[in-house]
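S.K.: Just the structure for this:
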Amino acid sequence: MDREIKPYILKKSAEESLPATLSLDYAAALNPQQLAAVTAADGPSLVIAGAGSGKTRTLIYRVAYLIDKGVDPTSILLLTFTRKAAQEMLQRAGLLIGARSERVAGGTFHSVANMLLRRYGRPIGLEPGFTILDRGDAEDLIALMRNQLGLNEKDKRFPRKGTIAEIFSKCENTLASLEDVLLGEFAHFAEHLNDLDKLKNAYVAAKRQKQLLDYDDLLAKLRELLGAHEPTRQTISQNFRYILVDEYQDTNRLQADLVRQLAATHENVMAVGDDAQSIYAFRGATFRNIMDFPTLFPGTKVYKLEENYRSTQPILNLANEIIQGATEKYAKHLFTRKLDGPLPALVQAAGENAQSRFIAQRILELREEGVPLDEIAVLFRSSFHSFDLEIELSRRNLPFVKRGGFKFIETSHVKDLLAHLRVIENPLDAVSWNRLLMLVEGVGPKKAQDLIALFVRSEQPLAVLREVSGRSSRPLKDLAITLEEAARSTSLTPAEQVNEVYRYYLPILKEHYDDYPKRMRDLEHLYTIAERYAGLSDFLADLALEPPDASVADVEAGDRDDERLVLSTIHSAKGLEWQCVFVIWAVDGRFPSAYSFTSDEELEEERRLFYVAVTRAKKHLHLTYPINVYDKATGAVLSKPSRFLDAVPSSMLDTWALIEEGGYHHWD
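M.R.: Next comes the predicted model:
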């Protein structure tokens with residue numbers, strides 16, 4: 001008689017479950033943690049990639065593995081933050097797996113959105129031939145709308161077009177209201193909320209009418225399309241069956257929402273990133289995205305990459321200890337096979353200039369030991385932290401390139417203030433006269449040149465200023481009074497002269513720059529530097545030691561023959577590495593910044609920034625902090641190392657105190 005036959009499935013072991021046809025030996029090429037992530041099963045997965053742990057290698061092998069396994073390359077989408085990153089990853093995948101990798105869809109969020117909107121955008125009123133505005137075009141359209149609404153005449157303090165574009169962009173990327181963005185980050189323009197709201201509506205209407213999209217619209221319109229038109233969302237999601245996202249900790253709310261929508265039909269998303277390196281909140285990125293990924297995608301499998309290929313274990317011990325103090329994190333422990341190396345040094349300096357002299361001296365010693373200049377970096381929290389050091393390096397003829405912010409002497413507001421001091425020192429300095437006269441209301445290029453011609457012939461240029469008639473007579477008299485006050489060099493120190501000019505210049509600064517609160521801090525720092533000098537001529541001479549050059553061009557010139565030390569903000573240093581790293585101003589109140597003390601979120605971001613700085617070093621790490629520093633902005637005396645070092649055991653750090661040659665140090 002016939003019996004019913006019941007199937008009984010024999011499950012494969014983990015090794016057997018890999019397809020027999022795989023062309024690469026993945027286990028030989030990857031460490032066990034990388035292998036687990038590369039061969040992850042379908043479904044959502046989050047790869048927490050610690051600093052220097054081979055994140056890019058893991059992504060490349062994941063692309064190769066999916067293709068090797070038989071996945072159609074055209075159904076794989078690789079989202080990165082730069083086009084170059086996507087191209088390099090796919091080229092490297094091609095070296096592993098062959099030309100099939102060329103058919104993978106890879107690029108930035110914006111380039112992918114552009115491609116999808118041109119193909120599928122009609123349901124939301126977008127024709128395939130829409131025009132993309134670059135930032136300059138977008139600002140010009142905003143200015144045009146502003147004129148049409150009569151907002152130019154209304155008030156001189158209405159924000160400039162670049163600032164307005166920045167405000168509108170922040171609204172799109174953070175999915176926040178105009179009011180929230182304005183009050184949170186641009187509070188000095190809060191009175192213009194209603195007018196900015198009108199302007200935003202007019203700007204949106206003009207773009208819609210003319211089939212124009214700005215950079216942010218690419219993502220916002222794709223979100224609108226995926227949210228409003230179900231058939232299109234299904235089609236796009238089914239086309240891209242596997243989605244890989246690089247640097248997920250740097251995504252903003254809009255990008256996270258897009259990833260969620262693109263994966264609507266399958267949830268095969270692999271997000272790769274490091275919560276401990278989420279440091280771009282000022283650009284709209286949110287730490288919450290990487291922390292909430294398992295909530296956004298229930299059933300997420302979390303993989304951790306903890307073996308570091310960059311730094312020695314003493315540096316990693318410090319990094320682990322710093323991030324251990326984070327209130328919210330994915331627990332991980334960085335380790336390396338490079339067990340030996342010097343302990344990170346915590347260096348106490350009496351003041352800022354002692355810190356600068358130590359760094360210059362230590363760099364010269366490291367060069368003697370065979371460390372090339374371009375393998376040394378000085379990292380800082382804010383651009384103005386390196387100003388004193390720049391002067392010291394120039395004095396010692398140590399060449400450097402600065403990344404993230406202009407060199408101090410090149411910033412326009414610093415040049416403005418110094419121009420006033422230069423004409424006090426040298427009344428025949430026509431270049432400086434031209435610069436400061438052009439700042440005066442009612443003075444144009446012609447009038448400035450006429451005045452300078454009179455100065456040259458006069459023994460008392462300030463008397464000429466007092467005699468000018470017409471619209472500019474009052475502001476020119478004010479300028480003359482300021483210069484006369486500041487010129488009392490017998491009784492005023494250079495710092496007091498800086499203060500005198502600063503008081504006069506502050507209203508001009510506010511008039512010319514929408515980001516004046518940040519620039520005020522630079523000028524306060526100029527005062528601090530001036531305090532070291534007894535005479536104005538020495539102060540100005542030292543500032544001019546390294547004449548301004550095209551710092552941006554220096555950054556681009558990667559093939560220079562001459563080595564240059566790197567000075568960089570930590571934000572600009574992310575992803576980079578050097579044999580020796582100095583982290584300066586590791587003093588509580590500067591790093592973390594005193595401005596972050598009132599917000600837990602900001603303080604946590606400062607901790608992550610500190611962690612990123614520490615993990616850039618391969619072998620030598622110096623954390624330096626000046627003590628007994630008066631902070632003009634907060635009125636506090638800064639005297640203790642960064643609070644992020646409070647919980648670090650003393651055995652993890654070499655503690656140095658700088659002693660002047662021939663002097664002595666008194667230990668309490």
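
S.K.: Could you use CA atoms for every contact and neighbour count after this?
M.R.: Will do.

S.K.: In a strand, Leu77, correct?
M.R.: Yes - secondary structure of Leu77 (DSSP: H, G, I helix; E, B strand; the rest coil): part of a strand.

S.K.: Name whatever forms a beta bridge with it.
M.R.: Ala105, Ile243 (DSSP bridges).

S.K.: burial count for it?
M.R.: Each residue near Leu77 was counted by other Cα atoms under 10 Å, and the total is 23.

S.K.: least trustworthy helix or strand in the protein by mean pLDDT?
M.R.: Least confident element among the helices and strands of the chain, by mean pLDDT, DSSP states H and E: helix 551-556 (a mean of 33).

S.K.: strands paired with the helix or strand just after that one, and their directions?
M.R.: The helix or strand immediately downstream of helix 551-556 is strand 565-569, counting by DSSP states H and E. Sheet pairing of strand 565-569 (DSSP bridges) gives strand 376-380 (parallel), strand 400-403 (parallel).

S.K.: what's the following helix or strand after strand 565-569?
M.R.: Following strand 565-569 toward the C-terminus (DSSP H and E): helix 570-573.

S.K.: what residues does that following helix touch?
M.R.: Applying Cα atoms under 8 Å, 6 or more residues apart in numbering, the contact partners of helix 570-573 are Ile279, Tyr280, Leu379, Phe380, Arg381, Arg403, Gly404, Leu609, Val612, Ala613, Arg616.

S.K.: Can you get me a residue count around the fourth one?
M.R.: Translated: Phe380. Neighbour tally, Phe380, other Cα under 10 Å: 26.

S.K.: Any idea what it is bridged to?
M.R.: Thr569.

S.K.: Among the contacts of helix 570-573, which one lies nearest to Leu476?
M.R.: Gly404 (36.0 Å; Cα to Cα).

S.K.: The closest one contacts Val566, doesn't it?
M.R.: No - using Cα atoms under 8 Å, Gly404 is not in contact with Val566, being 10.8 Å away.

S.K.: quick one, which of these two is more surrounded?
M.R.: Val566 (22 against 17).

S.K.: quick one, what contacts the closest residue to that one other than its chain neighbours?
M.R.: Leaving aside its sequence neighbours, Val566 sits nearest to Ala377 (Cα to Cα, 6 or more residues apart in numbering; 4.7 Å). Contacts for Ala377 (Cα under 8 Å, 6+ apart) come out as Leu565, Val566, Leu567, Ser568, Trp578, Cys580, Val581, Phe582.

S.K.: Local confidence estimate at the third one?
M.R.: Model confidence at Leu567, given as pLDDT, is 95.

S.K.: That one: how many residues sit nearby?
M.R.: Leu567, neighbours per other Cα under 10 Å, totals 25.

S.K.: surely it meets Arg403?
M.R.: Yes - counting by Cα under 8 Å, Leu567 does reach Arg403; the two are 6.2 Å apart.

S.K.: quick revisit: would you tell me which one of the strands paired with strand 565-569 is buried the most?
M.R.: strand 376-380 (a mean of 26; mean count of other Cα atoms under 10 Å).

S.K.: Toward the C-terminus from it, list the very next helix or strand.
M.R.: Next along from strand 376-380, by DSSP H and E: helix 387-395.

S.K.: Return the set of buried residues in stretch 172-183.
M.R.: Glu172, Asn173, Thr174, Leu178, Glu179, Val181, Leu182 (16 or more other Cα atoms under 10 Å).

S.K.: now those in a markdown table, with distance to Thr58, secondary structure and pLDDT?
M.R.: As requested, these are exported to a markdown table (distance: Cα to Cα, whole Å; DSSP: H, G, I helix; E, B strand; the rest coil; pLDDT from 0 to 100):
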| residue | distance to Thr58 | secondary structure | pLDDT |
| --- | --- | --- | --- |
| Glu172 | 32 | helix | 88 |
| Asn173 | 28 | helix | 84 |
| Thr174 | 29 | helix | 84 |
| Leu178 | 40 | helix | 91 |
| Glu179 | 42 | helix | 92 |
| Val181 | 37 | helix | 89 |
| Leu182 | 40 | helix | 88 |
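
S.K.: closest to Ser650 among these?
M.R.: Distances from Ser650 to the buried residues of stretch 172-183, taken as Cα to Cα, are shortest for Thr174 (41.1 Å).

S.K.: residues contacting that closest one?
M.R.: Asn252, Arg253, Leu254, Gly284, Ala285.

S.K.: Looking at these, which are in strands?
M.R.: Within the contacts of Thr174, no residue falls in strands by DSSP state E.

S.K.: Take those residues and keep only those in helices.
M.R.: Arg253, Leu254 (DSSP state H).

S.K.: And the contacts of Thr174, which is closest to Ser473?
M.R.: Distances from Ser473 to those, taken by Cα to Cα, are shortest for Gly284, at 45.6 Å.

S.K.: Surely the closest one touches Asn173?
M.R.: Yes - look at Gly284 against Asn173 with Cα under 8 Å: they come within range, at 6.2 Å.

S.K.: which residues in the stretch 201-350 of the chain form helices?
M.R.: Secondary structure of the stretch 201-350 of the chain by DSSP state H, counting those that start in this stretch: the helices cover 215-228, 230-239, 253-262, 288-296, 313-324.

S.K.: for the record, mean pLDDT for the third one?
M.R.: pLDDT averaged over helix 253-262 equals 94, rounded to a whole number.

S.K.: follow-up on the earlier one: can you tell me how far the residue nearest to Val566 sits from Pro342?
M.R.: Separation of Ala377 from Pro342 (Cα to Cα, to the nearest Å) stands at 17 Å.
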